[in-house]
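# kindly return the folded structure for what I paste below:
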Amino acid sequence: MTCIVAIASGGIVTMGADSAGVSGLNLTVRADRKMFVRDGYIFGFTSSFRMGQLLQHKLQIPKRHLNADAFEFMCNDFIDAVRRTFSDGGFRKLDNGVESGGNFLVGHAGRIFEIYTDFQVCESIAPYAACGCGFDLALGSLHTSARASTMSAPERVMAALEAAQAYSAGVRAPFHLESVGAA
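Presented below is the predicted three-dimensional model:
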């Protein structure tokens, strides 16, 4: 299920999300959103709505000192807080001593970070990212639309979500867009 798409441009991260909740062959178009803005961060999640609820309503986002490197902060302080939240909320999985969570995007400091299920933090060299079952379709759209200088970031995000919906059974409108500036 899901397609989350983000573009970083000019210190602003624009993110979009679909509304599909999929379990096997069952589809629910959800009223609760897979994307939200909190404390200057923008989040978009896949994997589990429970994970998203913990990120939105329970996570205590640590403060980053303005002179601290954003990537280092995300890898350490931010991930430590996410791991504690998942553990306290009953979402953390432990298999043979290996801890896992879920997959989500975070826009912070005008940059996009993808958090993988093993809690690694990825920042692509491309100024865009996508996750969820429609990610590859969305990335193709984002790659191509990067050449179309007349398209705004929100237009590119929407086009990527529409491409994912056209070819993935796990992606469904309505689509939601949000933006957050660098702090």
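# distance of His143 from Pro154?
According to Cβ to Cβ, to the nearest Å, His143 and Pro154 sit 18 Å apart. All C-beta atoms are positioned from the backbone trio N, CA, C, and that covers glycine.
# average pLDDT across stretch 145-161?
Throughout stretch 145-161, pLDDT has a mean value of 92.
# list the buried residues in the longest helix along the chain.
Under DSSP state H, the helix in the chain containing the largest number of residues is helix 153-167. Of the residues in helix 153-167, 153, 156-165 count as buried by neighbour count, 16 or more other Cβ atoms under 10 Å.
# in the residues you listed, find the pair that's most separated.
Ala153 and Gln165 (18.9 Å; Cβ to Cβ).
# surely Val29 is in contact with Met1?
No. With contact defined as Cβ atoms under 8 Å, Val29 does not reach Met1; the gap is 11.0 Å.
# the two - which one has more neighbours?
Neighbour count, other Cβ atoms under 10 Å: between Val29 and Met1, Met1 has more, with 24 against 11.
# show me what the residue most central in space within the chain is bridged to.
Centroid-nearest residue in the chain, with Cα atoms, centre = their mean: Leu105, separated by 2.4 Å. On the basis of DSSP bridges, Leu105 is bridged to Gly44, Glu114.
# that one contacts Cys3, doesn't it?
No. With contacts counted by Cβ under 8 Å, Leu105 stays clear of Cys3, the gap being 10.9 Å.
# what's near enough to touch Thr14?
Applying Cβ atoms under 8 Å, 6 or more residues apart in numbering to Thr14 gives the contacts 6-7, 153-154, 157, 177-179.
# how near is the residue of the chain positioned farthest from its centre to Gly90?
With distances taken as Cα atoms, centre = their mean, the residue sitting farthest from the centre of the chain turns out to be Asn96, at 27.6 Å. Distance from Asn96 to Gly90, counting by Cβ to Cβ: 19 Å.
# try Thr46
19 Å.
# element containing Ile112?
strand 111-115 (DSSP states H and E).
# hmm, I typed the wrong one, I wanted Ser124.
Going by DSSP H and E, Ser124 is not part of any helix or strand.
# kindly report the same for Thr14.
Counting by DSSP H and E, Thr14 is part of strand 12-17.
# excluding residues flanking it in the chain, which one is nearest Val82?
Leu59 (6.4 Å; Cβ to Cβ, 6 or more residues apart in numbering).
# could you confirm the one you found falls within a helix?
No. If the criterion is DSSP: H, G, I helix; E, B strand; the rest coil, then Leu59 is coil and not within a helix.
# ok, Phe45 touching Leu54?
No. At 9.6 Å, Phe45 does not count as touching Leu54 under the criterion of Cβ under 8 Å.
# shaky segments in this protein?
Scanning the chain with the threshold set as pLDDT under 70 gives 183.
# now the strands: where do they sit in it?
4-9, 12-17, 20-23, 26-29, 35-38, 41-45, 93-95, 98-100, 104-108, 111-115, 121-122, 128-131, 176-181 (DSSP state E).
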